[in-house]
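Chemist: what shape does this take:
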Amino acid sequence: AKEIQSKDRNCVPCESLDNSTLLKQNDVKDVLSIKLLMWTIHPDQNKISRKFTAKTFQCAIDFLNAVGNIAEREGHHPDLHLTSYRDVEVTLYTHSIGGLTKNDLKLAEMIDTEIKVCYSPKWLKEHPEATVTSM
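Modeler: I've put the predicted structure just below:
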């Protein structure tokens, strides 16, 4: 596999981040309400997450693999969860400083724009905002 050079990444190296790069809660909420409509503030407040039900197990795995490819390319890695064989959750935060940075918002945007998802028809009907990312 080709090693990704840092100049090819949109996310900045986490080693260069400190607590001064943490985003304010209100700023994150503003971005979620305007630009990242499928993402919500995680219950612990220092993370954002996106949840959905895929049509099949394979659709869920395909999405997770696609997220993994973007994460490797960017050098910024989310927490990925698959439960009940097709319920997916992606949780983003900058692990090294325990909170949200611009890297997390950039990665969320990349996931939303670069990956098309095969959603459960029932779930998609209940979440029309996801239509733009649907296969």
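Chemist: switch to C-alpha atoms for all contacts and neighbour counts from now on
Modeler: Noted.
Chemist: just checking, which helix or strand of the chain averages the lowest pLDDT?
Modeler: helix 25-34 (a mean of 89; mean pLDDT, DSSP states H and E).
Chemist: buried ones in it, by neighbour count?
Modeler: For helix 25-34, a neighbour-count test (16 or more other Cα atoms under 10 Å) marks 28, 29, 32 as buried.
Chemist: for this structure, which spans come out with low pLDDT?
Modeler: Where the chain drops to pLDDT under 70, the residues are 1-20.
Chemist: show me the longest helix that occurs in it.
Modeler: Longest helix in the chain, counting residues (DSSP state H): helix 57-74.
Chemist: just list what that one packs against, helices and strands only.
Modeler: Counting by 3 or more Cα pairs under 8 Å, 6 or more residues apart in numbering; DSSP states H and E, the packing neighbours recorded for helix 57-74 are helix 102-114.
Chemist: just checking, next helix/strand downstream of the helix it packs on?
Modeler: Note on helix 102-114: by DSSP states H and E, the next helix or strand toward the C-terminus is helix 121-126.
Chemist: next, the angle helix 102-114 makes with the longest helix of the chain.
Modeler: 130 degrees (axes from the mean of the first three to the mean of the last three Cα atoms, to 10 degrees).
Chemist: put the alpha carbons of helix 57-74 into CSV.
Modeler: The C-alpha trace of helix 57-74 is given here as CSV (Å, rounded to 0.1, in the frame of the first residue of the first chain):
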residue,chain,number,x,y,z
PHE,A,57,-24.9,-6.4,6.8
GLN,A,58,-22.8,-6.0,3.6
CYS,A,59,-24.0,-2.4,3.1
ALA,A,60,-22.9,-1.6,6.7
ILE,A,61,-19.5,-3.3,6.2
ASP,A,62,-19.0,-1.5,2.9
PHE,A,63,-19.6,1.9,4.6
LEU,A,64,-17.3,1.1,7.5
ASN,A,65,-14.5,0.0,5.1
ALA,A,66,-15.0,3.3,3.1
VAL,A,67,-14.7,5.3,6.3
GLY,A,68,-11.6,3.3,7.2
ASN,A,69,-10.0,4.2,3.9
ILE,A,70,-10.7,7.9,4.4
ALA,A,71,-9.4,7.7,8.0
GLU,A,72,-6.2,6.1,6.9
ARG,A,73,-5.7,8.7,4.1
GLU,A,74,-6.2,11.5,6.6
